[in-house]
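Peer 1: Fold the following.
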Amino acid sequence: MPVTVTPLENQPLGATITLPEGCTDPSKLSKEDFDILYKALLENLVIVIPGMEELTPESQWKLTTRFDPTCDQTGKSYGHGKEFRHDKSVLRKDGTSIPDQPQVQVLGQGHWPAGHYGMGEIDLRHPTHFDFHKSPLSDEQAYEQDHTRFYRWHIDSALYDLSPPVATTLLGIHVPPHSRKQKIVYEDNNDVLEVTQGATAFVSGAKAFELLTPEDQERALKTIVEYAPHPYIFISPARATSDGLTMVSEGKETPLDELPPWEDSKIKRLPLVWTNPVTKKHHLQVHGCCINKLLLPDGSNLELEDARKEVYRLMRPAIAPENVYAHTWNKGDLAIFFNRGVWHSVTGQFKPGERRLMHQCNIASGADPKTTISASA
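Peer 2: Below you'll find the predicted structure:
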């Protein structure tokens, strides 16, 4: 029996995967079965293989590389390192590497004793909006009323020098109980999305593109996003909007001449719209927090503040509750998402003593994404 794909019911995207009988390691799938898995990923954007709690970091890394033949298959280059772990990076506290498999990051919350894949004692910190948003929730809202926020809508990528990964794999090893629910209240219209504690939220870039007007679609197809050099260090002093879509422009960004050394040739200038190689759909794919400029088709540029306002306008309709798939984690869930087709966000916050442990892997691609402008666009 080959790999079977079961689309999620009553969800805007996503599917569950059943492996062939006897297969416990998806990195070892036959070419025929992996081709089914790859097609399922690009059609459903997020796929989940349950029961993978015994998957080793090595197998997770090997599986991740299979989704992108252009990425480094040797394990020597993977896109974390200095850019993410710099002491001034906004990502510096978000995880730690497995010593013998540094391509795999350990994420989560709480204190963990020594012995996890050769690691010593580790203290993990779940990213929360308290440290990142300009106007966070009150303690009463967060801990008594169980409200939460989208932390930061993003695509996984260094966005400087290295090309965005094709796929990310995320494995739930120790997950919070489903009984704890939290509410995301949209501050601009009072919509409510209920999520389980620590859910990972996803939206489709294709849906985001579909929601644009024909005029906006035509312009977006010909627009280039210029990201800031060392973007996670650039934005570190700034704070985000309350929905995690972009940053509030207050002039707090790290001045360009105070960043680590950078080269113009390594700045990422990527299409605002990327094309799905399987479905051929256009996906609005932008990391709204890390942008620096928009290069418009008429030859003009939108600088930082105006660029943020414009991508916010384009992105906001896509995160309406009916468009969000908030994955409830079960122990052993291996979620694989098409990083060039979705945006995702952490949600939730934890109380003292609550814990979570996950493994994440994504590998910088060997090539930047492209847009194919269709005649009907």
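Peer 1: can we go C-alpha only for contacts and neighbour counts from here?
Peer 2: Fine.
Peer 1: and the lengthiest strand in the chain, what's its mean pLDDT?
Peer 2: In the chain, with assignment by DSSP state E, the single longest strand is strand 101-112. For strand 101-112, the mean pLDDT works out to 95.
Peer 1: One more: stretch 166-173?
Peer 2: Stretch 166-173 comes out at a mean pLDDT of 98.
Peer 1: ok so, going back, packing partners for the longest strand of the chain?
Peer 2: helix 57-66, strand 96-98, strand 122-124, strand 356-362 (3 or more C-alpha pairs under 8 Å, 6 or more residues apart in numbering; DSSP states H and E).
Peer 1: Run through who's touching that strand.
Peer 2: 57-58, 60-61, 75, 78, 80, 94-98, 121-126, 350, 352-363 (C-alpha atoms under 8 Å, 6 or more residues apart in numbering).
Peer 1: Would you mind listing which of those residues are buried?
Peer 2: The neighbour count (16 or more other C-alpha atoms under 10 Å) marks 57, 60-61, 78, 80, 94-98, 122-126, 350, 355-363 as buried among the contacts of strand 101-112.
Peer 1: about what we covered before: quick one, the longest strand of the chain and strand 356-362 angle?
Peer 2: 160 degrees (axes from the mean of the first three to the mean of the last three C-alpha atoms, to 10 degrees).
Peer 1: so where do the strands sit in the stretch 251-377 of the chain?
Peer 2: 269-271, 273-275, 282-284, 291-295, 301-302, 325-327, 334-338, 342-346, 356-362 (DSSP state E, counting those that start in this stretch).
Peer 1: of these, which approaches Pro231 most closely?
Peer 2: strand 291-295 (7.7 Å; C-alpha to C-alpha).
Peer 1: Neighbouring strands - and their directions - for the closest one?
Peer 2: Here strand 291-295 is paired, per DSSP bridges, with strand 224-227 (antiparallel), strand 301-302 (antiparallel).
Peer 1: Show me which residues of the top helix by length along the chain are buried.
Peer 2: For the chain, the helix with the greatest residue count under DSSP state H is helix 31-44. Residues of helix 31-44 classed as buried: 33-34, 37-38, 40-44 (neighbour count, 16+ other C-alpha under 10 Å).
Peer 1: and it, C-alpha only, in PDB?
Peer 2: Output in PDB follows, covering the C-alpha atoms of helix 31-44 (Å, rounded to 0.1, in the frame of the first residue of the first chain):
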ATOM      1  CA  LYS A  31      11.200   7.200  -4.800                       C
ATOM      2  CA  GLU A  32       7.600   6.400  -5.800                       C
ATOM      3  CA  ASP A  33       6.300   7.000  -2.300                       C
ATOM      4  CA  PHE A  34       8.300  10.100  -1.800                       C
ATOM      5  CA  ASP A  35       7.000  11.500  -5.000                       C
ATOM      6  CA  ILE A  36       3.500  11.100  -3.600                       C
ATOM      7  CA  LEU A  37       4.600  12.800  -0.400                       C
ATOM      8  CA  TYR A  38       6.200  15.700  -2.300                       C
ATOM      9  CA  LYS A  39       3.100  16.300  -4.400                       C
ATOM     10  CA  ALA A  40       0.900  16.100  -1.300                       C
ATOM     11  CA  LEU A  41       3.000  18.800   0.400                       C
ATOM     12  CA  LEU A  42       2.800  21.200  -2.500                       C
ATOM     13  CA  GLU A  43      -0.900  20.600  -3.000                       C
ATOM     14  CA  ASN A  44      -1.900  20.700   0.700                       C
END
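Peer 1: for the next helix or strand after it, packing partners?
Peer 2: Per DSSP states H and E, the first helix or strand lying C-terminal to helix 31-44 is strand 46-49. The helices and strands touching strand 46-49, judged by 3+ C-alpha pairs under 8 Å, 6+ apart, are strand 15-18, strand 334-338.
Peer 1: Return the first one as PDB; C-alpha atoms alone will do.
Peer 2: Once side chains and other backbone atoms are set aside, the C-alpha atoms of strand 15-18 remain, and they are given as PDB (Å, rounded to 0.1, in the frame of the first residue of the first chain):
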ATOM      1  CA  ALA A  15      -3.600  16.800   5.100                       C
ATOM      2  CA  THR A  16      -2.700  13.800   7.100                       C
ATOM      3  CA  ILE A  17      -0.300  11.200   5.700                       C
ATOM      4  CA  THR A  18      -0.400   7.500   6.300                       C
END
